[in-house]
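Chemist: please find the sequence and the predicted model below.
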Amino acid sequence: MNSNYLVLVRHGQSEWNEKNLFTGWRDPGLTTKGINEAHAAGKALKEQNLSFDLLFTSDLIRAQLTGEIILEEMQQPNITIVKDKSLNERAYGDLTGMDKDQARVRFGKDQVQIWRRSYDIKPPGGESLKDTYDRVIPFFKNTIEPKLSSKNILVAAHGNSLRALVKHLEDISEQEIVKLEIATGVPIIYKFSNGSYTKH
């Protein structure tokens with residue numbers, strides 16, 4: 001019997017990542033570097049002889065393109081793709097579209113750091129990581145997890161939505177999860193067995 005795998009991939013570099021802007025729910029595409037990161041992720045997964053039955057991704061094009069490129073690289077372009085805004089990046093509210101350095105000048109370095117790296121403090125008009133967790137995890141439990149008993153699943157999403165998911169899967173504390181960086185285009189592989197997850 002084949003093992004079932006859950007693989008998480010943060011989208012490759014986006015045009016706004018490159019410009020150092022708060023992106024949130026805005027919808028820029030991938031840079032050339034981001035496209036190359038997605039191809040590299042697909043090659044890495046293919047080398048491990050993994051295959052997928054489902055791709056879950058967000059409502060944002062940078063995550064969707066990353067997932068599609070990975071599947072093309074793995075020669076699996078025709079599997080079912082589920083797109084849902086529950087997996088969207090954290091919404092940055094009034095910071096959206098602002099240069100991160102300019103935000104530090106305007107609001108103060110310490111305040112911007114609190115907004116970026118606190119678990120439950122949200123920027124004006126935006127979401128905290130806790131808010132993101134509170135929409136990602138119910139979607140995961142209700143829609144993704146039940147399928148892991150029989151399917152291998154790829155999730156292509158965002159730094160903060162994946163941070164929320166990793167917090168849940170690895171039972172990481174609120175204090176520690178804000179320190180975790182999710183690299184772009186680097187697969188995080190979990191083996192699912194008997195209702196528990198083991199990092200592969």
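Modeler: In hand now; what should we look at?

Chemist: can you list the weak-confidence ranges in this protein?
Modeler: Along the chain, the model assigns pLDDT under 70 to residues 1-2.

Chemist: let's go with 50 and repeat that
Modeler: 1 (pLDDT under 50).

Chemist: helices along that one, start to end?
Modeler: 15-18, 32-47, 61-73, 100-107, 109-117, 129-139, 159-170, 174-177 (DSSP state H).

Chemist: quick one: closest of those helices to Asp84.
Modeler: helix 129-139 (6.4 Å; C-beta to C-beta). C-beta here means a position set from N, CA and C on the backbone, and glycine is covered the same way.

Chemist: counting by contacts, list what that closest one packs against.
Modeler: helix 159-170 (3 or more C-beta pairs under 8 Å, 6 or more residues apart in numbering; DSSP states H and E).

Chemist: near the nearest residue to Asp101 once chain neighbours are set aside, how many other residues are there?
Modeler: In space, and not counting its chain neighbours, Asp101 is closest to Asn20: 6.7 Å by C-beta to C-beta, 6 or more residues apart in numbering. If you count neighbours by other C-beta atoms under 10 Å, Asn20 ends up with 12.

Chemist: and what of Leu162?
Modeler: Count around Leu162 with other C-beta under 10 Å applied: 25.

Chemist: so it sits against Thr184, correct?
Modeler: No - using C-beta atoms under 8 Å, Leu162 is not in contact with Thr184; the gap is 10.6 Å.

Chemist: overlap in contacts of those two?
Modeler: Arg10 (C-beta atoms under 8 Å, 6 or more residues apart in numbering).

Chemist: dump stretch 63-75 to PDB, restricted to CA.
Modeler: The C-alpha coordinates for stretch 63-75 follow below in PDB (Å, rounded to 0.1, in the frame of the first residue of the first chain):
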ATOM      1  CA  ALA A  63       0.200  30.400  -6.000                       C
ATOM      2  CA  GLN A  64      -1.800  28.900  -8.800                       C
ATOM      3  CA  LEU A  65       1.000  29.400 -11.400                       C
ATOM      4  CA  THR A  66       3.500  27.800  -9.000                       C
ATOM      5  CA  GLY A  67       1.300  24.800  -8.500                       C
ATOM      6  CA  GLU A  68       0.700  24.400 -12.200                       C
ATOM      7  CA  ILE A  69       4.400  24.700 -13.100                       C
ATOM      8  CA  ILE A  70       5.200  22.100 -10.500                       C
ATOM      9  CA  LEU A  71       2.700  19.700 -12.000                       C
ATOM     10  CA  GLU A  72       3.900  20.300 -15.500                       C
ATOM     11  CA  GLU A  73       7.500  19.600 -14.400                       C
ATOM     12  CA  MET A  74       6.300  16.400 -12.800                       C
ATOM     13  CA  GLN A  75       4.300  15.500 -16.000                       C
END
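
Chemist: cool, thanks, talk later.
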